[in-house]
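Visitor: structure of the sequence below:
(2 chains)
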2 protein chains.
Amino acid sequence: MEVKVVKRILANTEVVADAIKKELAARGNVAINIMGTPGAGKTTLLERTFLHFRRRFPMAVIEGDIATTKDAHRLKKLGLDVVQINTDRWGGSCHLDANMVQPAVRKLASIKNGIVFVENVGNLVCPAAFDVGETYKVVVTSVAEGDDKPSKYPIMFRTPQMIVLNKIDMIRMTDFNMARFKRDVKAVNPDAKLALLSARSGKGLEMWFRWVEGCLVSK
Amino acid sequence: MEVKVVKRILANTEVVADAIKKELAARGNVAINIMGTPGAGKTTLLERTFLHFRRRFPMAVIEGDIATTKDAHRLKKLGLDVVQINTDRWGGSCHLDANMVQPAVRKLASIKNGIVFVENVGNLVCPAAFDVGETYKVVVTSVAEGDDKPSKYPIMFRTPQMIVLNKIDMIRMTDFNMARFKRDVKAVNPDAKLALLSARSGKGLEMWFRWVEGCLVSK
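Guide: Predicted structure coming up:
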């Protein structure tokens, strides 16, 4: 019985995710679903990305958090359009799903030929199971989390087109083994691009920027 | 209907959690449920704890991961009794629950008057909702994750008796604001103890050790 209910919920969110995808495409938008551990640096990466591209194309963020509007506030201060989703109104949900995202997408109807980023709830497990109408998925992890994350959380690393390894400026203070990390990423998701960067210092951001731009160009 | 099913599942796990608690108490054991973000340093903290106390009292670990036996392997190498639970056999569950933990507790029947640590799946959301028969709850977070975690993940920080802030040796490489972190911890969980430490370097571990020892003495 539990399985049936879960299947029905998933089937419903898939239908809504498809509707979101069509709605965004009709406005010429690309959506990028950014997932990752709490504190991996998702918001800092979005700040950098907005500052880099703001004169080139429109951007907006759908900001998923269990509680608080802290991340949304950080992004709004820069001039970004942000719609906050607090999942504590949805039972403290550990991920966004298409039903939560759809009203937010509608609020961003003025964004055209641009990128709508969805910053998912910080969680290396649950968001992997739910499409939110995105064109691309990204997972952000950091050297501070250790090199073993792709093998220990394979479901999260399996589907993204882009894997970001953040905080590379901290690598000397950790036991992070880059060869092992790259090998495990290849084993789980051989087709993903991998960007090694520090969103805080700015090091290595070029590859990420090229990839983001490519998402919009190739739509 | 979904709500009813979820309530039934929760009610069932509560009954099993109570049974685990009684079983552990009958052998004079204390159980400590260690939760936290992936890569917060839960396993490293357990390594340190075992090496510190191994001549003093028996310890064992129930190791929760979605996939791999990497953490269990690290702990077994030191001589610890470890029972691995891989939740990919339970639909890739984002947390341990009492039904998964009960068979593991039974495998550790030889542990008496000691501490059974439960290392939960790395996740700052889901494990907070499930008792696994523990006597105490601990959440481990790190300065690399940022100072905003207690306010953004209040459900996780609300119930533990002990909050560990790990990786304090990295604080200079971050924008971590200690006053803000402490204020937010107080707001969410005024009764919790707070240990600032680096499990990797060993700095600050004394307070953690005192707390662990106190758990066993005060049982």
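
Visitor: helix, strand or coil for the residue nearest the centre of chain A?
Guide: Geometric centre of chain A, nearest residue: A:I34, 0.2 Å, by C-alpha atoms, centre = their mean. Using DSSP: H, G, I helix; E, B strand; the rest coil, the structure places A:I34 in strand.

Visitor: any idea how far chain B is from A:V140?
Guide: 12 Å (C-beta to the nearest C-beta, to the nearest Å). (Glycine included, C-beta is placed from N, CA and C.)

Visitor: residues near that residue, how many?
Guide: Here the number of neighbours of A:V140 (other C-beta atoms under 10 Å in any protein chain shown) works out to 31.

Visitor: who touches the closest residue to it other than its chain neighbours in this structure?
Guide: Excluding the flanking residues, the one nearest A:V140 by C-beta to C-beta, 6 or more residues apart in numbering or on different chains is A:G36, at 3.6 Å. By C-beta atoms under 8 Å, 6 or more residues apart in numbering or on different chains, A:G36 lies in contact with A:K42, A:N120, A:G122, A:L124, A:V139, A:V140, A:T141, A:V164.

Visitor: surely the last one is within a strand?
Guide: What that stands for is A:V164. Yes - remark: A:V164 belongs to a strand, assigned using three-state DSSP.

Visitor: now it: closest residue in space, sequence neighbours ignored.
Guide: A:V140 (4.5 Å).

Visitor: before we move on, back to that, name the nearest of the contacts of A:G36 relative to B:N189.
Guide: Closest approach to B:N189 among the contacts of A:G36 (C-beta to C-beta): A:G122, at 18.9 Å.

Visitor: and the pLDDT at the closest residue to that closest one other than its chain neighbours?
Guide: Excluding its sequence neighbours, the residue lying closest to A:G122 (C-beta to C-beta, 6+ apart) is A:P38, at 3.2 Å. Looking at A:P38, its pLDDT reads 96.

Visitor: quick one, what contacts A:P38?
Guide: A:G122, A:N123, B:T37, B:L124, B:E145, B:K149, B:K152, B:Y153.

Visitor: pairing partners for whichever strand or helix holds the residue nearest to A:V164, with directions?
Guide: A:V140 belongs to strand A:136-142 when assigned by DSSP states H and E. If you go by DSSP bridges, strand A:136-142 pairs up with strand A:30-36 (parallel), strand A:162-166 (parallel).

Visitor: how about A:H52: what's its closest non-neighbour residue?
Guide: A:F209 (5.6 Å).

Visitor: the one you found: which element?
Guide: Short version, using DSSP H and E: A:F209 is in helix A:205-217.

Visitor: please enumerate residues in contact with that helix?
Guide: For helix A:205-217, the surrounding residues in contact (C-beta under 8 Å, 6+ apart) are A:30, A:32, A:45, A:48-49, A:52-53, A:56-57, A:113-115, A:135-136, A:162, A:164, A:193, A:195-197, A:199.

Visitor: can you pull the residues of chain A lying near chain B?
Guide: Near chain B, the residues belonging to chain A are A:1-2, A:5, A:9, A:37-39, A:65-68, A:70-71, A:92, A:94, A:121-126, A:129, A:141-142, A:144-146, A:148-149, A:151-155, A:167, A:169-170, A:173, A:175, A:200 when assessed by C-beta under 8 Å from any C-beta of the partner chain.

Visitor: buried among those? Make that a ChimeraX selection.
Guide: Command for ChimeraX, covering only those of the residues of chain A next to chain B found buried under the criterion 16 or more other C-beta atoms under 10 Å in any protein chain shown:
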select /A:37,38,39,65,66,67,68,70,71,92,94,121,122,123,124,125,126,129,141,142,144,145,146,148,149,151,152,153,154,155,167,169,170,173,200
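
Visitor: among the residues of chain A next to chain B, which are located in strands?
Guide: A:D65, A:T141, A:S142 (DSSP state E).

Visitor: hmm, A:N166 and the last one touching each other?
Guide: What that stands for is A:S142. Yes - between A:S142 and A:N166 a contact is recorded at 4.3 Å, counting by C-beta atoms under 8 Å.

Visitor: need the overlap of contacts for the two.
Guide: A:A40, A:G41.

Visitor: count of residues packed around the closest residue to A:L96 other than its chain neighbours?
Guide: Setting aside the residues directly before and after it, A:L96 is nearest to A:G64 in space (C-beta to C-beta, 6+ apart), at 4.3 Å. Number of residues near A:G64 (other C-beta under 10 Å) recorded here: 31.

Visitor: what do you get for the one 10 residues further on?
Guide: Neighbourhood size, A:R74 [other C-beta under 10 Å]: 17.

Visitor: quick check: the gap between it and B:I66.
Guide: 30 Å (C-beta to C-beta, to the nearest Å).

Visitor: over to A:V105?
Guide: 30 Å.

Visitor: A:L124 too?
Guide: 9 Å.

Visitor: quick one: low-confidence parts of chain A?
Guide: A:1-10 (pLDDT under 70).

Visitor: at 90 what do you get?
Guide: Where chain A drops to pLDDT under 90, the residues are A:1-13, A:89-92, A:217-219.

Visitor: where do the helices of it begin and end?
Guide: Applying DSSP state H to chain A gives helices spanning A:2-26, A:42-53, A:70-77, A:98-107, A:149-152, A:154-158, A:178-188, A:205-217.

Visitor: please identify the most buried of the ones you listed.
Guide: helix A:149-152 (a mean of 23; mean count of other C-beta atoms under 10 Å in any protein chain shown).

Visitor: so which elements touch that one?
Guide: In terms of contacts (3 or more C-beta pairs under 8 Å, 6 or more residues apart in numbering or on different chains; DSSP states H and E), helix A:149-152 is packed against helix A:178-188, helix B:70-77.

Visitor: turn those into a markdown table, columns for distance to B:F181.
Guide: Formatted as a markdown table, the helices and strands packed on helix A:149-152 follow (distance: least, C-beta to C-beta, whole Å):
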| stretch | distance to B:F181 |
| --- | --- |
| helix A:178-188 | 28 |
| helix B:70-77 | 26 |
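
Visitor: give me the neighbour count for A:N33.
Guide: A:N33, neighbours per other C-beta under 10 Å, totals 26.

Visitor: show me the contacts for the nearest residue in space to A:E47 that is not next to it in sequence.
Guide: In space, A:E47 comes closest to A:L78 once its chain neighbours are excluded; the distance is 6.2 Å by C-beta to C-beta, 6+ apart. By C-beta under 8 Å, 6+ apart, A:L78 lies in contact with A:E47, A:F50, A:L51.

Visitor: and which of the residues you listed is nearest chain B?
Guide: Proximity of the contacts of A:L78 to chain B, judged by C-beta to the nearest C-beta, is greatest for A:E47, which lies at 12.2 Å.
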